[in-house]
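**Student:** What follows is a predicted structure for the sequence shown.
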Amino acid sequence: MTVGGVSTGGGAVVALNAAEKQKAESQHAREAILHVYRGDAANGQEVEYRVPIEPGMVVLDAIHWIQAHQAPDLAVRWNCKAAKCGSCSAEVNGKPALMCKSRMEHFPAGVPIRVRPMKTFPIVKDLVTDVSWNYEVNKRIPGFTPKKDANWRWQQSDVDRVQEFRKCIECFLCQDVCHVLRTHELKHQFAGPRFLVRIAGLEMHPMDGVDRAQFLRDHAGIGLCNITKCCSEVCPESIHITDNAIIPLKERVVDRFYDPIAMVWRTITGKK
């Protein structure tokens, strides 16, 4: 058959139908299934939502779409959407993560994405948890106190060492994943990795003159950490929490309280 000087046939129709089918399948595949926790600490369950996916979407985008189109009362904490405020912490498929850094394209198509609040902290509503305990811990840490007659000049290596710890955005994902807090619920004994990081930043500051070894042992509970490195694995700022903060602090506590040679030397010299 010839139309306008152009020959057509059944093959063209088949190709057109195949293209339309592929387009339809592609559109269908770009729908994600989210199972989102709804409720409070007393009562709650996962509710299924279907969300259309656009290029570059993250889990927080999907949560916002649900708020805008299906569940305006869905509670979620967020602020910057740039992985710098630490507000949108949750558990995505069982792993503590920032929702704004959890890209939808990284999840298998057609498999439900489970979004739940952080397990370690009390649920307020839906995905919002009460993290106020962390700020109470922070208040108890002896603050920065300059050494007497300190010379305010130091090496770049000292600056770099402390600067790593200042990258913390207080998302509290490390607190959430820590088994001492999450499983054993020892908040009354253990400060948690976030605040061991803060103490490390103070202890390793070349101008700081406070000895926090006894605080680490008696109040921060550093002995409870068994260095599984799970906190380092979930840190969105890639801080080497275990290797660069916790282990050096443990060494300081051991040197101060458990090294027999050092103990004898301090007894002889009268020094701490």
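**Tutor:** All right, it came through fine. Residues are numbered from 1 along each chain as shown.
**Student:** Which residues are in contact with the most centrally placed residue in the chain?
**Tutor:** Geometric centre of the chain, nearest residue: residue 173, 3.1 Å, by C-alpha atoms, centre = their mean. By C-beta atoms under 8 Å, 6 or more residues apart in numbering, the residues touching residue 173 are 89, 96-98, 118, 234-236. For glycine as for every other residue, the C-beta is placed from the backbone atoms N, C-alpha and C.
**Student:** redo that, cut-off 7 Å
**Tutor:** For residue 173, the contact set (C-beta atoms under 7 Å, 6 or more residues apart in numbering) comprises 89, 96-97, 234-236.
**Student:** Check these and tell me the two furthest apart.
**Tutor:** Maximum pairwise distance among the contacts of residue 173 (C-beta to C-beta): 11.6 Å, between 89 and 235.
**Student:** more crowded one of the two?
**Tutor:** Taking other C-beta atoms under 10 Å, residue 89 and residue 235 do not tie; residue 89 has more neighbours (27 against 21).
**Student:** got a list of what that one touches?
**Tutor:** By C-beta under 7 Å, 6+ apart, the residues touching residue 89 are 96, 98, 118, 171-173, 176.
**Student:** Dump these into a markdown table; add distance to residue 254 as well.
**Tutor:** Formatted as a markdown table, the contacts of residue 89 follow (distance: C-beta to C-beta, whole Å):
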| residue | distance to residue 254 |
| --- | --- |
| 96 | 29 |
| 98 | 34 |
| 118 | 32 |
| 171 | 30 |
| 172 | 28 |
| 173 | 28 |
| 176 | 28 |
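**Student:** Which ones among those lie within strands?
**Tutor:** Counting by DSSP state E, the contacts of residue 89 place 96, 98 in strands.
**Student:** what's the neighbour count on residue 43?
**Tutor:** 7.
**Student:** Read off the pLDDT value for it.
**Tutor:** pLDDT, residue 43: 94.
**Student:** measure it to residue 167 for me?
**Tutor:** 38 Å (C-beta to C-beta, to the nearest Å).
**Student:** And the helices in this structure, which stretches?
**Tutor:** Secondary structure of the chain by DSSP state H: the helices cover 10-29, 59-69, 132-140, 156-165, 173-177, 179-182, 193-203, 213-218, 230-234, 247-257, 260-269.
**Student:** for the ones you listed, which one sits closest to residue 107?
**Tutor:** Nearest to residue 107 among the helices of the chain is helix 59-69; the distance by C-beta to C-beta comes to 8.6 Å.
**Student:** residues touching residue 160, list them.
**Tutor:** Counting by C-beta under 7 Å, 6+ apart, residue 160 makes contact with nothing.
**Student:** quick one, which of the helices of the chain is nearest to residue 112?
**Tutor:** The minimum distance between residue 112 and these falls on helix 59-69, with 11.9 Å, by C-beta to C-beta.
**Student:** buried residues in the closest one?
**Tutor:** Buried residues in helix 59-69, defined by neighbour count with 16 or more other C-beta atoms under 10 Å: 59-66.
**Student:** do stretch 99-109 as well
**Tutor:** For stretch 99-109, the neighbour count (16+ other C-beta under 10 Å) marks 99-102, 104, 107 as buried.
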